[in-house]
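In: A predicted structure for the sequence below; I have some questions about it.
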Protein chains: 2
Amino acid sequence: MLAKIREKTEKIIIGINSGTSADGIDAAIIKIRKSGLETEFDVIGYETYPYSPSLSQRLNRDMGQNAAGAAELCLMSSYLGELFAYSAKSIAKKFSVPFEEVDLIGMHGQTIYHHPEPIAFPGYKISGTMQIGNPAIVAERTGKIVVSDFRSRDMAVGGQGAPLVAYLDFVLFSHRARGRVLINIGGVANVTGIPASSPLNGIIAFDTGPGNALIDAAVFHFSEGKKSFDENGVIAKQGTVIPELLTKLLAHPYFKKEPPKSLDKETFGRLYFQKILKENPGISPANMIATLTEFTIKTITLQISEHMLQKSHSYEEIIVSGGGAENKTIFEGLKRSFPKLAVNTINDYPILGKAKEAVLYAFLANETIMNSRGNVPSATGAKKPVILGSITPGEEGI
Amino acid sequence: MLAKIREKTEKIIIGINSGTSADGIDAAIIKIRKSGLETEFDVIGYETYPYSPSLSQRLNRDMGQNAAGAAELCLMSSYLGELFAYSAKSIAKKFSVPFEEVDLIGMHGQTIYHHPEPIAFPGYKISGTMQIGNPAIVAERTGKIVVSDFRSRDMAVGGQGAPLVAYLDFVLFSHRARGRVLINIGGVANVTGIPASSPLNGIIAFDTGPGNALIDAAVFHFSEGKKSFDENGVIAKQGTVIPELLTKLLAHPYFKKEPPKSLDKETFGRLYFQKILKENPGISPANMIATLTEFTIKTITLQISEHMLQKSHSYEEIIVSGGGAENKTIFEGLKRSFPKLAVNTINDYPILGKAKEAVLYAFLANETIMNSRGNVPSATGAKKPVILGSITPGEEGI
């Protein structure tokens, strides 16, 4: 099976992801040729399969350190396996790809816990990451070989297990003459710097801090649940940044840590917003949202300046992706902060757009079965490049 | 890598298990030839690597449905990964096998939760099993290909995920003229019936009920923690069976369920003993232990009679294994119950003894990489035979 798939000039791979916000399944189906730095691919299609509000809430609760026990995590892993299998079949159907032509599924799963900082256990320093979504169920329902658990191996060699997108970013955006900084603004914001003519290990990538999560939490709170995000950044635009609060927020120790560094979704999440609200009473909704928006902009721009621009002059372009790219206040803020660089959104690169994360896991599944090392040590902090993932046999084996 | 391993006439495989009692790691190293029903193997060596009492207690606590959250399960999975890797290297060294000659590791992991009975989720009936012990860490530390998560695929096709030992039992003990019943008495007791000249799907296998767990809990309780089991069954021999209590115990609904059926370790575990003790005060320690010992004997013998002997006349021999085989009161009780059959212990078959469970996972890892289906539907209740496990690449890939 695997030998046959490896020999094909072009493979069809489905990538499946359930993001940190746990609001649905992102699925992409791609055609891919070769592997490693020579990889070429075309996105056939992309689709989101939203979870019901109650499932989304339950998953968000399950992510708490001690919120869900073994029973819940085990059964939910099986359940997500069923839903992932369903989404894999659905996306092939939607884009008219006969399912028997699909070669492979790359599945990230739903992160339930991610702790890259080592903790002392008897005799060992231990870090760990846990994604649920049972790959045996996906393999059984689809009959396809499934590659899953992409982050563990990078962490086994001292990496943060993130950002795994660095390799794909390099393949897509590295340029002989044009250095690029990629900014992805999801719940958390992360950046990837690819200097002009950089080798793979010249990439720098890390989480900068808050993306949309604090802003979303504020909008949800002040609208009493009627709105879940600041559409186009209009609320932030109506408010005024409160400098004292901004200064306090920028004093968080995370911003002084040297990269590579990564965040869980808790650090700048809903509970952190509750803390801000409690410690800073009397700020109007619009001013609070304006300040939190500026907090995201500032932490991104300050750290890009410090860790990228001041260390290399070879950056010419910034490409913004993720939900935050559609927040005009954020996007304009980033543009103003980098007057000498071209600031574009990922939508100027129509190959990917929102599909990027799901495409990533299809791309990484190809790397795994081709015995190619899919992590970028300069981005994750790993001691060496490793082959990521575990492989679950399809109906006929591997 | 895999292609090369498959071509070898003889492979060296390490099997690793951490049993339901979570008291240590069982490791076996075997030489194996061919696959499927033609498999032949020799056990090179076997060793137990006991956990510290505090680790054992912590793991036993982690098994509770809601005792441990995502953080504990995730980090403990990484930690056990380190310990499993250590035990794999140690067993090769102990039996003077150069580690570069090891082809593969089969790793069961530590069961944290196992729920074969389907539960209703929106749109699906869900069952699940969860073993911890991160395979990426084992693969990274050893450089070897690791096969893990053997139970999930059987459950994905409606099986109980147990007993997986049925296939190995068939390979070892099926006989043209001699029908055999295998009784394994661990914390839980299970039986496997292999009628003379039976095909693979003629096997019947199921958990009968309590093995040693209730007896151990009673000994621990009455000795105030000084003893953990009834050595040679001497305490039970000194006591008298209390018929009223025995009748009550035998009324548990599990004994009326039709096979295939399987148990978690809770049903007849420590908490169940506490319940018995509370509801039946004033029974002397020796009489209580005698009654619990008879409870194990009776549930085994009654169900063998009902589900095997009364349905087929082709059984000639009973082979007892597990810790319970060394409890003389149990063994003699079984002998008395089956006067027409030869009742032997597994030690009369020196190839396996205590190593059986660890050997099983080495055996099943070979099945997986050879694309052979390792479950026995008539034993697990699965709808069909499937290829078990997930495969994590070694240093050079797969």
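Out: Good, I have the coordinates.
In: mind showing which ranges of the stretch 201-350 of chain A have poor pLDDT?
Out: Applying pLDDT under 70 to the stretch 201-350 of chain A picks out residues A:313, A:350.
In: Check it for the residue nearest chain B and tell me.
Out: Taking C-beta to the nearest C-beta as the measure, the point where the stretch 201-350 of chain A comes nearest chain B is residue A:264, at 10.4 Å. C-betas here are computed from N, CA, C, even on glycine.
In: Could you verify that that residue is part of a strand?
Out: No. Judged by DSSP: H, G, I helix; E, B strand; the rest coil, residue A:264 forms no part of a strand; its state is coil.
In: so residue A:121 touches residue B:79, yeah?
Out: Yes. Counting by C-beta atoms under 8 Å, residue A:121 touches residue B:79, with 4.8 Å between them.
In: Please say which of those two ends up with more neighbours.
Out: Neighbour totals were compared for residue A:121 and residue B:79, and residue B:79 leads with 24 against 15 (other C-beta atoms under 10 Å in any protein chain shown).
In: Can you check my assumption that that one lies in a helix?
Out: Yes. Counting by three-state DSSP, residue B:79 is located in a helix.
In: Pull the contacting residues for it.
Out: With contacts taken as C-beta atoms under 8 Å, 6 or more residues apart in numbering or on different chains, residue B:79 has the following neighbours: A:121, A:124, A:126.
In: Please tell me how far the last one sits from residue B:74.
Out: According to C-beta to C-beta, to the nearest Å, residue A:126 and residue B:74 sit 9 Å apart.
In: Those two - which one has more neighbours?
Out: Regarding residue A:126 and residue B:74, a neighbour count based on other C-beta under 10 Å identifies residue B:74 as having more, with 27 against 23.
In: Quick check: next helix or strand after the helix or strand containing the more buried one?
Out: Under DSSP states H and E, the secondary-structure element containing residue B:74 is helix B:70-94. Read in the C-terminal direction, the helix or strand following helix B:70-94 is strand B:104-121, with elements assigned using DSSP H and E.
In: Now do the same for the spatially most central residue of chain A: helix, strand or coil?
Out: For chain A, the residue sitting closest to the mean C-alpha position, by C-alpha atoms, centre = their mean, is residue A:357 at 6.1 Å. Residue A:357 falls in the helix class when you classify it by three-state DSSP.
In: mind listing what it touches?
Out: Under the criterion of C-beta under 8 Å, 6+ apart, the contact list for residue A:357 reads A:17, A:19, A:26, A:108, A:165.
In: show me where chain A has helices.
Out: Taking DSSP state H as the criterion, chain A carries its helices at A:2-7, A:53-62, A:70-94, A:135-142, A:152-156, A:165-173, A:213-222, A:234-238, A:243-250, A:270-279, A:285-304, A:328-337, A:356-369, A:377-380.
In: wait, isn't residue A:396 in contact with residue B:371?
Out: Yes. The pair residue A:396 and residue B:371 qualifies as a contact (C-beta under 8 Å) at a distance of 7.0 Å.
In: which non-adjacent residue is nearest residue A:248?
Out: With sequence-adjacent residues excluded and distances taken as C-beta to C-beta, 6 or more residues apart in numbering or on different chains, residue A:248 is closest to residue A:280, at 7.7 Å.
In: any idea how far the one you found is from residue A:290?
Out: If you go by C-beta to C-beta, the gap between residue A:280 and residue A:290 works out to 13 Å.
In: can you check residue A:49 too?
Out: Distance of residue A:49 to residue A:290, given as C-beta to C-beta: 34 Å.
In: Settle it for me: which of those two has more neighbours?
Out: Just comparing residue A:49 and residue A:290: by other C-beta under 10 Å the higher neighbour count belongs to residue A:290, 26 against 16.
In: The more buried one is in contact with residue A:239, isn't it?
Out: Yes. Counting by C-beta under 8 Å, residue A:290 does reach residue A:239; the two are 3.1 Å apart.
In: so how far is residue A:162 from the residue nearest to the centre of chain A?
Out: Applying C-beta to C-beta to residue A:357 and residue A:162 gives a distance of 12 Å.
In: likewise residue A:217?
Out: Going from residue A:217 to residue A:162 by C-beta to C-beta gives 22 Å.
In: Same question for residue A:377.
Out: As judged by C-beta to C-beta, residue A:377 and residue A:162 stand 13 Å apart.
In: So which of the helices of chain A is the most surrounded?
Out: The highest mean neighbour count among those, using mean count of other C-beta atoms under 10 Å in any protein chain shown, belongs to helix A:152-156: a mean of 29.
In: neighbouring contacts of that helix?
Out: When contacts are taken as C-beta under 8 Å, 6+ apart, the neighbours of helix A:152-156 outside the stretch itself are A:116, A:127-129, A:160-161, A:164, A:375, A:380, A:382, A:386-389, B:78, B:81, B:134-137, B:139-141, B:392.
In: Pull up the overlap in contacts between residue A:396 and residue B:371.
Out: Taking C-beta under 8 Å, 6+ apart as the contact definition, residue A:396 and residue B:371 share the neighbouring residues residue A:1.
In: Looking only at neighbour counts, state which of those two leads.
Out: Between residue A:396 and residue B:371, counting by other C-beta under 10 Å, residue B:371 is the more crowded of the two (16 against 12).
In: Contacts only, for that one.
Out: By C-beta under 8 Å, 6+ apart, the residues touching residue B:371 are A:1, A:393, A:396, A:397, A:398, B:387.
In: Mark which of these are buried, thanks.
Out: A:1, A:393, A:397, A:398, B:387 (16 or more other C-beta atoms under 10 Å in any protein chain shown).
In: OK, contacts around the closest residue to the fourth one other than its chain neighbours?
Out: To tie it back to what came earlier, the one meant is residue A:398. Spatially, and ignoring its direct neighbours in sequence, residue A:398 is nearest to residue A:2 (4.8 Å; C-beta to C-beta, 6+ apart). Shown here is residue A:2, whose contacts under the criterion C-beta under 8 Å, 6+ apart are A:145, A:369, A:391, A:398, B:2, B:398.
In: from the residues you listed, which two are the most distant?
Out: In terms of C-beta to C-beta, the contacts of residue A:2 reach their longest pairwise distance at A:145 and B:2, which sit 12.5 Å apart.
In: Buried members of the contacts of residue A:357 into ChimeraX, please.
Out: To isolate the buried members of these in ChimeraX, using 16+ other C-beta under 10 Å:
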select /A:17,19,26,108,165
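In: ok, of the contacts of residue A:357, which one's closest to chain B?
Out: The shortest distance between chain B and any of the contacts of residue A:357, using C-beta to the nearest C-beta, involves residue A:108 and amounts to 14.4 Å.
In: got the contact list for the closest one?
Out: A:15, A:16, A:17, A:18, A:131, A:148, A:150, A:357, A:360, A:361.
In: Give me the pLDDT for it.
Out: The per-residue pLDDT reported for residue A:108 equals 97.
In: which residues does the most far-flung residue of chain A relative to its centre contact?
Out: Computed with C-alpha atoms, centre = their mean, the maximum C-alpha offset from the centroid of chain A is found at residue A:282, amounting to 34.5 Å. Contacts of residue A:282 were listed using C-beta under 8 Å, 6+ apart, and none were found.
In: Tell me how far it lies from residue A:240.
Out: Distance from residue A:282 to residue A:240, by C-beta to C-beta: 14 Å.
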